[in-house]
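Visitor: What shape does this take:
(2 chains)
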Amino acid sequence: MTMKDMLRSYVLENYLFTDDPSALADADSFLDKGIIDSTGIMEIIAFLEVEFGIVVEDREMVPENLDSIASLVAFVERKRAAAES
Amino acid sequence: MQGALAHRGPDDNGILLSGNTGLAHTRLAIIDPAGGVQPMSDAGRRVHLVFNGEIFNHPELRAALEREGCRFRTRSDTEVVLELYRARGERFLEELNGQFALAVWDERVQRLLLARDRVGIVPLHYTWHGGRLLFASEIKALLPLVPRPEPDVEALDQLMTLWAPVPGRTLFRGMHQLRPGEMISVDRNGMRRRRYWQWDYPDQGDYLAGSPDSLAEELDALLADATRIRLRADVPVAAYLSGGLDSSTLVWLIRRATRAPLSTFSVEFPGSSLDESHHQDALVRTLGLDHRRLALGGDEILGALDQAVWHAESPLFRTAPVPLGLLSGLVRENGYRVVVTGEGADEVLGGYDILKETKVRAFWARQPRSRWRPLLLRRLYPWMNLAGGQSDVYLQRFFGLGLERPEQPFFSHLPRWRSGSRCRVFWSADLRERMREDPHDALAAELPSRFFDYGPFQRAAYLEATHLLPGYLLSTQGDRMLMWHSVEGRFPFLDHRVVDFANRLDPRVKMHVLEEKYLLRRVMRGRIPDAVLRRRKQPYRAPAPAGLAGAGGADLRDDLMSAESIRAAGYFDPVAVGRLLDKMASGRALGHADGLAAAVVLTTQMWHRRFFGDGADHFRRVPSRAVQGIGKAVTGDGG
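Guide: Numbering: from 1, shown residues only, chains lettered A, B, ... in the order given. Predicted structure coming up:
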């Protein structure tokens, strides 16, 4: 399973409670679609840290990094690349 | 029909038939146990009354009527209501200070009058069937009288998103509720409605004049009297004590008003962060109270949930009513049937976080680009700091909802209601199809034109006081949980004199900057321990239905939340519910919306089984004689 698939099924199962992939496009904003609330964002961060072994810094907790499947994928890839270099 | 209401009135019952009209009553005897039997008729036997509740100013009303030449046969408040009606006609309601649901059948003019107290403490439901008006305190007494009760799916959607059906509506199709402060009269010409009292605020600038000290003095006197007359009873009166400012205030006022020993009651949740017992101890010592606690854990709450749903006649979006339902059992076991309790203080005197939140958001909306104004929200919700210093950008996104239109009526409640809206993904496709009405539109249709003149703080308070207070706090979490064990609650903060006074206060006096219930704190300064006085508002909560995921919840999960049960009842999408259960079982942190959804799904399943499912057979097995004979009904042409 690719990272994107993992993230997508996590969000579908835990926030939209569905298996239907058409319920969420890669670029859909979690905030605009009302998919997560203030506790939801903490869950996503915890998921990223546990599943992908990254640490999310306070300054990184911004919608640019965390507000869609596409931005999550890009964020995790950036973090991993930085850790390897 | 009477059997369904036996818990509300275990002491006596009576039936009166007059032509095509019948009145039935079950009685909880508190004032004049021997004389107050109902239905009560006047001396000429032409005017008849059934009445649930209390009239606290009955001695004053009696004296006034006696001066006018009226002679009484009993000491009861019921007879005072009857004679007041005879003397004043339907204007009698304006003179009552109390909590009540009542029906007057006036044979002289062939008119039935139904009325409910000003703020909605005592319930009163009605429906039309076969040209007859049927009414009762609780819906379960009416269900045997209609052929096929059905859920009102749009009202369920209102419960999920707005936390209560809109005023007047119930969760049963065709079953209505009188609004607080409403009267309806039915005669040959049909049905007529009248609001004899409204929750209202003055125009901005027309607030009560006076220094904070003089206003505090006035509030003190009003509260003292509101409490004093709520101690009137021929049985001993106890009190609830949470350890917060509101109940502490009342207990202090009771101590000052009477030398009788005072028993107080509370729930505790041992080991839970929601436990307040250490705050209660300080007061128990200071005021010399005989205090009893009911210790509850998650499993006990889960175990009593089904009974609570039966009494509430509603699914629950949180478990908080259950402990109060069990607490009324402890009150009753200790020989009490009346408790004084602090509900209403937050609505009347400005106590809720949502009022502060509204103030901050309104302040922010004036400079929407400010990065500093929304940071005030961190002062309201310390958990925001605990959560690893959540980004301010997120804070702005969550609470900035609707900021561009602060004039829109629900500006104050949009962030809160969004959580409820998120739960709508659980509705089944079929149900969603049948939900045509937007919950916000339905509530907006109930707003008086005056509402649009109010400022943001008053609008938020108005919504709390007229929607959530009667629709949930005083009903599902109030009257129904008290009456489960035949206990009557009395609410001094909701005395209409206190409400009318407080509503005329400048909002800045109620909430000084972000200090809630500022005037009440001023009243109580030096009277109760500083720790209680300075304590921040703690919303009353019970442990979330997390126990549902554990071993104690296994039977409930298998029985009520299996895909098969979910599909059979038809309200929810079985896949979504399965996902939610998986999430709960995984041990991952649950969001606010998840807890809300879990509670609503489980209790909707319970509610369905109790009222519409196989378990509801008893509603259809009522002897036909009962249907014809004691239907609390009047024949009317209107509908």
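
Visitor: Contacts only, for the residue of the stretch 101-250 of chain B found nearest chain A.
Guide: Using C-beta to the nearest C-beta, the closest approach of the stretch 101-250 of chain B to chain A is made by residue B:161 at 11.6 Å. The C-beta positions use only the backbone N, C-alpha and C, and glycine is treated the same way. Contact partners of residue B:161, counting by C-beta atoms under 8 Å, 6 or more residues apart in numbering or on different chains, are B:417, B:420-421, B:423-424, B:439-440.

Visitor: Off-centre distance for stretch B:330-348?
Guide: 13 Å (C-alpha atoms, centre = their mean, to the nearest Å).

Visitor: Mean confidence (pLDDT) on that stretch, please.
Guide: Computed over stretch B:330-348, the mean pLDDT rounds to 97.

Visitor: Straight-line length of that stretch, end to end?
Guide: In stretch B:330-348, first residue to last residue: 29 Å (C-alpha to C-alpha, to the nearest Å).

Visitor: Burial check on residue 65, number of neighbours?
Guide: Unless you meant another one, I'm taking chain A. When neighbours are counted by other C-beta atoms under 10 Å in any protein chain shown, residue A:65 registers 20.

Visitor: look at chain B instead
Guide: Neighbour count of residue B:65, defined by other C-beta under 10 Å: 19.

Visitor: nearest residue to it other than its sequence neighbours?
Guide: residue B:83 (5.4 Å; C-beta to C-beta, 6 or more residues apart in numbering or on different chains).

Visitor: Quickly note the distance from the one you found to chain A.
Guide: Relative to chain A, residue B:83 is positioned 55 Å away (C-beta to the nearest C-beta, to the nearest Å).

Visitor: That residue is in what secondary structure piece?
Guide: helix B:77-88 (DSSP states H and E).

Visitor: Number of residues surrounding the residue nearest to residue B:65?
Guide: 24.

Visitor: now do the one 5 residues further on
Guide: Counted with other C-beta under 10 Å, the neighbours of residue B:88 add up to 13.

Visitor: ok so, going back, am I right that the residue of the stretch 101-250 of chain B closest to chain A is in a helix?
Guide: Yes. Counting by DSSP: H, G, I helix; E, B strand; the rest coil, residue B:161 is located in a helix.

Visitor: so residue B:250, which of the three states?
Guide: Going by three-state DSSP: residue B:250 is helix.

Visitor: sorry, back to before: helices and strands around the helix or strand just after the helix holding residue B:83, which ones?
Guide: Counting by DSSP H and E, the element after helix B:77-88 in chain order, helix or strand, is strand B:98-106. Secondary-structure packing of strand B:98-106 (3 or more C-beta pairs under 8 Å, 6 or more residues apart in numbering or on different chains; DSSP states H and E): strand B:21-27, strand B:47-55, helix B:77-88, strand B:111-116.

Visitor: Spit out the contact partners of the closest residue to residue B:483 other than its chain neighbours.
Guide: Counting by C-beta to C-beta, 6+ apart, residue B:483 lies nearest to residue B:8, which is 5.0 Å off, once chain neighbours are set aside. Residue B:8 makes contact with B:26, B:28, B:52, B:137-138, B:483, B:486, according to C-beta under 8 Å, 6+ apart.

Visitor: now do 10 Å
Guide: The neighbours of residue B:8, taking C-beta atoms under 10 Å, 6 or more residues apart in numbering or on different chains as the test, are B:2, B:25-28, B:52, B:122-123, B:136-138, B:141, B:479-480, B:482-484, B:486, B:488.

Visitor: same question, residue B:437
Guide: Residue B:437 neighbours (C-beta under 10 Å, 6+ apart): B:153-155, B:157-158, B:166, B:445.

Visitor: would JSON lines of those with neighbour count and pLDDT be doable?
Guide: Output for the contacts of residue B:437, formatted as JSON lines (neighbours: other C-beta atoms under 10 Å in any protein chain shown; pLDDT from 0 to 100):
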{"residue": "B:153", "neighbour count": "22", "pLDDT": "96"}
{"residue": "B:154", "neighbour count": "21", "pLDDT": "96"}
{"residue": "B:155", "neighbour count": "23", "pLDDT": "97"}
{"residue": "B:157", "neighbour count": "25", "pLDDT": "95"}
{"residue": "B:158", "neighbour count": "26", "pLDDT": "96"}
{"residue": "B:166", "neighbour count": "22", "pLDDT": "97"}
{"residue": "B:445", "neighbour count": "9", "pLDDT": "96"}
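
Visitor: Just the ones of the residues you listed in helices?
Guide: B:153-155, B:157-158 (DSSP state H).

Visitor: Same list, those residues, but as TSV with distance to chain A please.
Guide: Output for these, formatted as TSV (distance: C-beta to the nearest C-beta, whole Å):
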residue	distance to chain A
B:153	19
B:154	20
B:155	22
B:157	15
B:158	18
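
Visitor: how close does residue B:18 get to chain A?
Guide: 55 Å.

Visitor: Buried ones in the helix holding residue B:83, by neighbour count?
Guide: For helix B:77-88, burial by neighbour count (16 or more other C-beta atoms under 10 Å in any protein chain shown) applies to B:77-87.
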